[in-house]
Every structure is written in structure tokens, then in C-alpha cells.
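>>> this is the structure alone, sequence omitted:
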């Protein structure tokens, strides 16, 4: 079986030797870009099947994921889990708000409340996005069964012990991240990648 990392690399979803800005605002050299995975149905189908198989022994009623890319991942994991368990597993997604906290809208709040929820996301690089998803599911009354991601880049910091819930991942792609003031790429004058991640937004905030 092909390694998960090799599948990601085959579609250009692992970017190296660049100067990137993540969702948290921290700078990094390596980035896992789900936007390069999702246009490839075969590879996305295979990755989500592996996520579902990783979580097949969990008692799950709903899969929750964040907008935007997480929607496809969560939906397909729910599909595969439904097949594996022989019952329907629902899928719902949380949306960002201008005020900051994520929310469940469109009636999906009723799918989360008092339900056994599996959270799915693409990757964890700082823990920022992970904690936002844990917060929104708890705020809407969901009972978190576990969280699963494709790639964990900081397994020593984000794991089942530190989060207090089962936290699962398919592969590890370790990489250091930096505050802007400590970023060696900023100090070296390496241009920020504005095509991937949040580099463009970061530069606009500096104007």
C-alpha cells in the first residue's frame, strides 16, 4: 500500500523549501496544502477511506469538520464510516464568523447537540485550528468522541494526552514554526509565499 505521505506528495500537497504563513499566523518552511489534494478525487477518496478505517472502532453519530476544505474530507469520512459500520453516519460543518468563534448554522446545530461527534481536519501545525474545532463542538453541545487528521506536524505537543480526547493521525510531517519576530526566513529576506496558506492576508495586514 502506498504511504499516505507519498499520496500527498504525488498531488503536490506537501510544499517544502518555501516561506509560508499558516492559519495561526506563524511562519514555516513546510506546508501541507489540502487545496492541492481536493481536486484529485481518487487520492482524496483514498485518504478519507484511511481516516475512516482509523476511526472505525469508535462509536460515532456525526462527523464534524471546518469550512472550507474540511467539508469534503468530513463528508467522505462519514460516507466511508457509514459503509464500514453498516449505518448512516451524518456529516456537518462549522463556519467561520467575523467575530472569531466558529459556529454551526443551517440547522446543523441540531445534528451536533447531544450527539457523539468525530472531528476531522486536514493537518495540525500549531494546534490553533484544532482548538477552534474542539471549542465549537463543545459550545454546541456535542460529545466529542475523537479527532482525526491527515498529518500531525507536532505530535509531541498535540496528542491525546495534551488534548484530553483520543487524537489520531495518518502520518507525521514534522516542521518548525516561528513567530514573525523570530522567523529566520523573514530575517533572510525570503519572499513570503502568497499563493498558498495565509501569506497574502499577512502581507495585506502590514499595509
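Noted; the coordinates are in hand. Keep in mind it's a predicted model, so treat the numbers as computed, not measured.

>>> for the protein, longest helix please?
Ranked by residue count under DSSP state H, the longest helix found in the chain is helix 69-85.

>>> in that helix, which residues are buried?
69-82 (16 or more other CB atoms under 10 Å). The way it works is simple: take the backbone N, C-alpha and C, and place the C-beta from them, glycine included.

>>> what's the answer for stretch 18-38, then?
18-22, 26-34, 36-38.

>>> among the residues you listed, which ones are in strands?
20-21, 27-28, 31-32 (DSSP state E).

>>> which residue ranges form the strands in the chain?
Using DSSP E, strands in the chain cover 14-15, 20-21, 27-28, 31-32, 62-66, 90-94, 116-124, 143-152, 167-172, 177-178.

>>> next up, the contacts around the spatially closest residue to residue 22 that is not a sequence neighbour.
Computed as CB to CB, 6 or more residues apart in numbering, the closest residue to residue 22 that is not its neighbour in sequence is residue 125, at 5.3 Å. Residues near residue 125 by CB atoms under 8 Å, 6 or more residues apart in numbering: 22-24, 26, 28, 31-32, 153-154, 175, 177.

>>> one more: residue 59?
116, 145.

>>> just the pLDDT for it.
On the pLDDT scale, residue 59 is placed at 96.

>>> that older thread, in TSV, list the buried residues of helix 69-85 along with pLDDT and distance to residue 190.
TSV is the format used below for these (pLDDT from 0 to 100; distance: CB to CB, whole Å):
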residue	pLDDT	distance to residue 190
69	75	26
70	87	29
71	91	33
72	94	32
73	96	31
74	96	34
75	96	37
76	97	36
77	98	36
78	98	40
79	98	41
80	98	40
81	97	42
82	97	45
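
>>> so which of those residues is the closest to residue 112?
Among the buried residues of helix 69-85, residue 74 lies closest to residue 112 (CB to CB), at 12.2 Å.

>>> doesn't residue 64 make contact with that closest one?
Yes. Shown here, residue 74 and residue 64 form a contact pair, counting by CB atoms under 8 Å, at 6.5 Å.

>>> what's the overlap in contacts for these two?
Contact criterion CB under 8 Å, 6+ apart; residues shared by residue 74 and residue 64: 91-93, 120.

>>> of those, which pair is most distant in space?
92 and 120 (10.9 Å).

>>> which one of those two has more residues nearby?
residue 120 (30 against 26; other CB atoms under 10 Å).

>>> quick one, what contacts the more buried one?
51, 63-65, 70, 73-74, 77, 147-149.

>>> for the nearest residue to residue 174 once chain neighbours are set aside, phi and psi?
Among residues not flanking residue 174 along the chain, residue 153 sits closest, at 5.9 Å (CB to CB, 6+ apart). When read as degrees, to the nearest 10, the backbone of residue 153 gives phi -100, psi -10.

>>> residue 153 contacts residue 175, correct?
Yes. In this structure, residue 153 is within contact of residue 175 by CB under 8 Å, at 5.2 Å.

>>> shared neighbours of those two, anything?
Common neighbours of residue 153 and residue 175 (CB under 8 Å, 6+ apart) are 30, 125.

>>> look at these two and report which has more neighbours.
Applying other CB under 10 Å to residue 153 and residue 175 shows that residue 153 carries more neighbours, namely 25 against 16.
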